[in-house]
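Colleague: predicted model and sequence follow; I will ask about them next.
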Amino acid sequence: MNSAKPPAYIIENLTKVYKTRTVLDVNYLEVRAGEILAIVGPSGSGKSTLLRLLNFLEPPSSGQITYGQEVFGPERSVSLAARRSVTTVSQRPILLDRSVRANVEFGLRLRGQRDRDGQVRDALQRVGLAALEGQHARTLSGGEAQRVALARALVVHPGALLLDEPTANLDPYNVGVIEESIRALNSERGTTMVLVTHNIFQARRLADRVALILDGKIVEQAETEAFFEKPADSRSKAFIRGEMVY
Amino acid sequence: MLDLLKSALGNSDLAEIVWLSLRVSGIALVFATVVGIPIGSALGLGRFVGRRLLVALMYTGMGFPPVVIGLFVYLLLSRSGPLGGLNSPLVPNLFTPGAMVLAQSIIAFPLVAGFTMAAVMGVDAGLRQQVRSLGATDWQTTVTVLLEAKVGVIVAVIAGFGGIISEVGAVMLVGGNIEGRTRVLTTAIVLETRQGNFEMALALGAILLAITFVVNVLMLRLQGKAFTE
């Protein structure tokens, strides 16, 4: 990915404190437009919190996130248009108690879009579930539900797609389908993606750059090749080797 | 009993009583629903100072004796009361269907709001976050959560209806059980029982049960697939 591209996000002096516990403390991080940035780190390191802030779902305690022309901070919210250009696929796909089709078109309905048929069909085809359009979401397997969640996110053509452990606990076939969809979406539409994962192999397969987060802090960020082949920080080396890091 | 039911059903006074019962409870339920569902949703989904106190008050209201609410409305609407003295066209007079609607609205409101609150609180918090992440406004998020909690919200309305159609104390106090004006099924049953017309009272009771049953079946149909699955 071309590093000269302008950043989609600029994160500066960002903290998130719950009661007295600081769960996120990022001095500076850029997410370049059109790249896949993998955020890796152990459980509880602040990865999902960072995604919630990037999706403007909760305000930071201090610092700011610049997204395009807009700034998100403790006292500053972003416009609905900016909020609607970012969406998240979470680890646990929570679908509405409706049909697959109704779930996928939900974001389009929120935006008041008509002529949804073609877009819904295209999104379901991308995740290989066109045949299940009329089925009720409750009847899907875990892997199918996650693919519907991905279709529901990509149908709205987000400028930034946030992926929170999107393939955790899925079988290899579903992991393959989802990774392929992510790759295709990124290359065809140039969608900026932030992928949170503790699967370093997945990060290596998909990401243009990788950042390691430990205890809420970014320890190291680098191009994928450099991160895995020549990690600068000893904790990155240990994490890549699969050792426990703190 | 069957003959009595037949003769009761053929009685034009009875038709008036049934119609007034449905009208008073129906209008009160509409008021309680229009106010109760938004307030129940706000209490279930919102986080604000004083929420715990409001929830405690709501639960208290759910168990409040209707006759005490009737007394409260009676005192409010009596000539020397704070509202009765206003002589405003917006304030109903005592011993009118309007006063009965007011009392029943107050009885049904905490039931509708309380059960709605419980229903929306039962919806996965992750779903709300997911819906917002997909670009929903606050209003769209609330409507989506209410639709997901549809079964519980309809139960809230059913509970509100059940609480007022069968209620006697408050309507007796503020309505006065005046023949042709404020007599409803429950107060008519009390009157017939006091006069020793037990069969007629039972026949009226059967009609009340039948009405409640039909209304509840109609409401259950609104729950749709969620109920039949």
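Modeller: Nice, I can see it. Everything quoted here is computed from the prediction, not taken from an experiment. Residues are numbered from 1 along each chain as shown, chains lettered A, B, ... in the order given.

Colleague: now B:Leu102: how far from B:Ala159?
Modeller: As judged by Cβ to Cβ, to the nearest Å, B:Leu102 and B:Ala159 stand 19 Å apart. Where C-beta positions appear, they are placed from N, C-alpha and C, glycine not excepted.

Colleague: those two: who's more crowded?
Modeller: B:Leu102 (24 against 17; other Cβ atoms under 10 Å in any protein chain shown).

Colleague: now that one. Its backbone dihedrals?
Modeller: phi -60, psi -50 (degrees, to the nearest 10).

Colleague: per-residue pLDDT, residue 6?
Modeller: In the absence of a named chain, this looks at chain A. Looking at A:Pro6, its pLDDT is 79.

Colleague: switch to chain B, that's the one I care about
Modeller: pLDDT, B:Lys6: 61.

Colleague: which element follows the helix or strand hosting A:Gln119 toward the C-terminus?
Modeller: Assigned by DSSP states H and E, A:Gln119 belongs to helix A:117-126. From helix A:117-126 onward toward the C-terminus, using DSSP H and E, the following helix or strand is helix A:142-154.

Colleague: what mean pLDDT would you report for that following helix?
Modeller: For helix A:142-154, the per-residue pLDDT averages 96.

Colleague: assign B:Ala113 to helix, strand or coil.
Modeller: With DSSP: H, G, I helix; E, B strand; the rest coil as the basis, B:Ala113 sits in helix.

Colleague: now it: how far from B:Leu54?
Modeller: 10 Å.

Colleague: what do those two both touch?
Modeller: Counting by Cβ atoms under 8 Å, 6 or more residues apart in numbering or on different chains, the residues touching both B:Ala113 and B:Leu54 are B:Leu43.

Colleague: who's more crowded, the two?
Modeller: Neighbour count, other Cβ under 10 Å: between B:Ala113 and B:Leu54, B:Ala113 has more, with 29 against 16.

Colleague: report the contact partners of A:Gln119.
Modeller: A:Glu105, A:Leu108, A:Gln113, A:Val155.

Colleague: the first one and A:Val155 touch, don't they?
Modeller: Yes. Contact between A:Glu105 and A:Val155 holds when scored by Cβ atoms under 8 Å: they sit 7.1 Å apart.

Colleague: OK, contacts around A:Gln64?
Modeller: A:Ile11, A:Glu12, A:Asn13, A:Leu14, A:Val71, A:Phe72, A:Gly73, A:Arg76.

Colleague: can you lay out those as TSV showing neighbour count and distance to chain B?
Modeller: Below are the contacts of A:Gln64 laid out as TSV (neighbours: other Cβ atoms under 10 Å in any protein chain shown; distance: Cβ to the nearest Cβ, whole Å):
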residue	neighbour count	distance to chain B
A:Ile11	24	18
A:Glu12	15	23
A:Asn13	13	25
A:Leu14	25	19
A:Val71	14	19
A:Phe72	22	14
A:Gly73	18	18
A:Arg76	12	17
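
Colleague: which residue does chain A bring closest to chain B?
Modeller: The minimum distance from chain A to chain B, using Cβ to the nearest Cβ, falls at A:Arg84 (3.7 Å).

Colleague: hmm, who's touching the helix or strand of chain A with the lowest mean pLDDT?
Modeller: Among the helical and strand segments of chain A, the one scoring lowest on mean pLDDT, DSSP states H and E is helix A:234-240, with a mean of 92. Applying Cβ under 8 Å, 6+ apart, the contact partners of helix A:234-240 are A:40-42, A:200, A:212, A:214, A:219-220, A:227-228, A:231, A:244-245.
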